[in-house]
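[1] how does the following fold in three dimensions:
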Amino acid sequence: MSRPLWQESASTIADGVDKGTLAVDDVVRAHEEVAAAWEPHVHAYLTRVPGGIRPDGSADKPPGRKLLNGVPVAIKDNLCTKGVATTCGSRILEGYLPPYDATVVRRLKAHGAVIVGKTNLDEFAMGSSTENSGYGTSRNPYDVSRVPGGSSGGSAVAVATGSAAVALGSETGGSVRQPAAFTNLLGLKPTYGRLSRYGLVAFASSMDQVGIFSRSASDGARTLAALSGHDPLDATSLPGPALDFDALDLGEGAARGLTVGVPRALLGEGLDDDVAEGMRIVEAALKAAGATVRDVTLLPPSSWVATYYLLATAEASSNLARFDGIRYGLRKPAGNVLDLYRETREAGFGAEVKRRILLGTYALSAGYYEAYYGKAQKARRRIQQDLTAALEGCDALLFPTTPTPAFKIGEKADDPLAMYLSDIFTIGANLAGLPALSVPAGFTGGGLPVGVQFTARAAREDLLYRLAAALEHQLSDPMERRWPTKPS
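    Numbers count the residues shown, from 1 in each chain. From the prediction side, this is the model:
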């Protein structure tokens, strides 16, 4: 092989293990060595598992070949893993050991994946920088003074540095796509219901979705194929079969004949020059790949932000009521039940989680429900209709993923509104339940990654990966990527 094992694609690893030309122990050891070298600098993991969690015979049987055989995978620490700590980045769940696997974890095992660890995140997935973790901040490997994005920052860092070939995160308002853009990765937010949420600790149940970090379109599509398909354990799981990876066209002509819409009127004030340049580069590459690019009209994304933060905080206030010191996790001693609730939640929750619980409880309170939550639900429906209408004449829409490249650690920590606005371009897909994929779009002059994203109609993740593959053929081989340099 021309590259070290830790730089190889998931596809190369799986094929090598299948053919017997690669040993799983060697693959895992190579990735563990990278993790050990990088971890003091970036804090990607909350729990590392020496040797990895491997299929043990109890996993489901895949309906064909094992798509991820021997592939090292990192998992965001809000996905339940049987017998391995699952903290959601919160002190209130410190030491919690789930008695079961999330469905996506079970399917990873079924396809032969090796789970190398649980990754850091903003507490209960509430944040855009991974600065809100109860266990310390993760750092961007391209500049350790900057954030890796959030809330799935740890998973992004694991793949970007090479300690995992692919990783799972979760998305409620951009928490996979934004860190993917900040760390030179592909980040998929699938259609709502495409991947099972069984075993994903809830933040906002009507928007939460498991997502995938990868270094190439092929690796991401392969992982989606392994994880997708109906799950009877999840009432919101979509019917239908898994994505057929072998039938997916990821060749040089993958984008030929596709139409991509650009909401150009929205790409003005507040958009960083390097991000705007990334958009121009991708538009030109799409045209060269045989796609048609045309302008479309959409509502201003500022309406997305207001709608999202009303609905998401309302759902969070309800979902997090279960963390009370009675059933699992942290319990503070107290003289009565009310004080036990109060003391436990005060000690266990961080500032951002408390802020969102308060906002959500207010929005749902008597006298304010219709004025805030009710209006936000109507606005959400209007946003869904707007995006659906724009997609009627297009196969996909092209947006920036973030308004700026990665920002400095602490830069927005004391300004929640500025932090929330970093999700301005990602929130729409979550409100509408549509699939979206962030792809690399070059670097700033200072070496920071830039990302743009595609959004498609429901259940058309295949189109997103076709567009990503076409860009790879036009712009660069994703395996010959610009890797981050480890600090000395």
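[2] look up how far G199 lies from the residue most central in space within the chain.
    Residue closest to the mean C-alpha point of the chain, counted by C-alpha atoms, centre = their mean, is V176 at 2.1 Å. Using C-beta to C-beta, to the nearest Å, one obtains 17 Å as the distance from V176 to G199. The C-beta positions use only the backbone N, C-alpha and C, and glycine is treated the same way.
[3] please apply the same query to A165.
    From A165 over to G199 the distance is 22 Å, taken as C-beta to C-beta.
[4] more neighbours, these two?
    Neighbours were tallied for A165 and for G199 using other C-beta atoms under 10 Å; the higher tally belongs to A165 (34 against 23).
[5] so who does the closest residue to the more buried one other than its chain neighbours touch?
    Nearest residue to A165, sequence neighbours excluded (C-beta to C-beta, 6 or more residues apart in numbering): A10, at 4.3 Å. Applying C-beta atoms under 8 Å, 6 or more residues apart in numbering to A10 gives the contacts 68, 71, 165-166, 214, 218-219, 222-223.
[6] ditto for G325
    331-332, 340-341, 343-345, 348.
[7] mark which of those residues are part of helices, please.
    340-341, 343-345, 348 (DSSP state H).
[8] just the closest of these to L299, please.
    R345 (37.1 Å; C-beta to C-beta).
[9] surely that closest one and I326 touch.
    No: under the criterion of C-beta atoms under 8 Å, R345 makes no contact with I326, lying 11.3 Å away.
[10] higher neighbour count, the two?
    Taking other C-beta under 10 Å, R345 and I326 do not tie; R345 has more neighbours (20 against 12).
[11] any idea how far N319 is from that one?
    Counting by C-beta to C-beta - R345 and N319 are separated by 14 Å.
[12] what does L340 give?
    L340 is 20 Å from N319, by C-beta to C-beta.
[13] check T297 too.
    T297 is 35 Å from N319, by C-beta to C-beta.
[14] name the residue in those two with the higher neighbour count.
    Just comparing T297 and N319: by other C-beta under 10 Å the higher neighbour count belongs to N319, 18 against 12.
[15] OK, contacts around the more buried one?
    202-205.
[16] okay, now D26: neighbour count?
    Neighbours around D26, by other C-beta under 10 Å: 12.
[17] and G95, by the same measure?
    Other residues near G95 number 11, with proximity taken as other C-beta under 10 Å.
[18] cool, A406 as well?
    28.
[19] who are the packing partners of the lowest-mean-pLDDT helix or strand in the chain?
    Least confident helix or strand of the chain, by mean pLDDT, DSSP states H and E, is helix 416-421 with a mean of 90. Applying 3 or more C-beta pairs under 8 Å, 6 or more residues apart in numbering; DSSP states H and E, one finds that helix 416-421 contacts helix 302-319.
[20] let me see the mean pLDDT of stretch 321-336.
    What stretch 321-336 shows for mean pLDDT is 92.
[21] may I have stretch 404-411 exported as CSV, CA atoms only?
    The C-alpha coordinates for stretch 404-411 follow below in CSV (Å, rounded to 0.1, in the frame of the first residue of the first chain):
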residue,chain,number,x,y,z
THR,A,404,-17.3,31.5,8.3
PRO,A,405,-14.4,29.0,8.8
ALA,A,406,-13.7,27.7,12.3
PHE,A,407,-13.7,30.4,15.0
LYS,A,408,-11.4,30.8,18.0
ILE,A,409,-12.1,28.9,21.2
GLY,A,410,-13.8,31.3,23.5
GLU,A,411,-14.7,33.7,20.7
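[22] hmm, who's touching that stretch?
    Identification of contacts with stretch 404-411 by C-beta under 8 Å, 6+ apart yields 129, 131, 137, 139-140, 142-143, 145-149, 182-183, 272, 274-275, 422, 444, 448-450.
[23] taking the residues you listed, please make a PyMOL selection of just the buried ones.
    Written as a PyMOL command, the selection of buried residues from the contacts of stretch 404-411, which uses 16 or more other C-beta atoms under 10 Å, is:
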select buried, resi 129+131+137+139+140+142+143+146+147+148+149+182+183+272+274+275+422+444+448+449+450
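[24] just the contacts of stretch 404-411: which are in helices?
    Per DSSP H, those map to helices at 182, 274-275.
[25] and of these, the nearest to A113?
    F182 (24.8 Å).
[26] start to end distance for stretch 414-429?
    27 Å (C-alpha to C-alpha, to the nearest Å).
[27] buried stuff in that stretch?
    Applying 16+ other C-beta under 10 Å to stretch 414-429 flags 416, 419-429 as buried.
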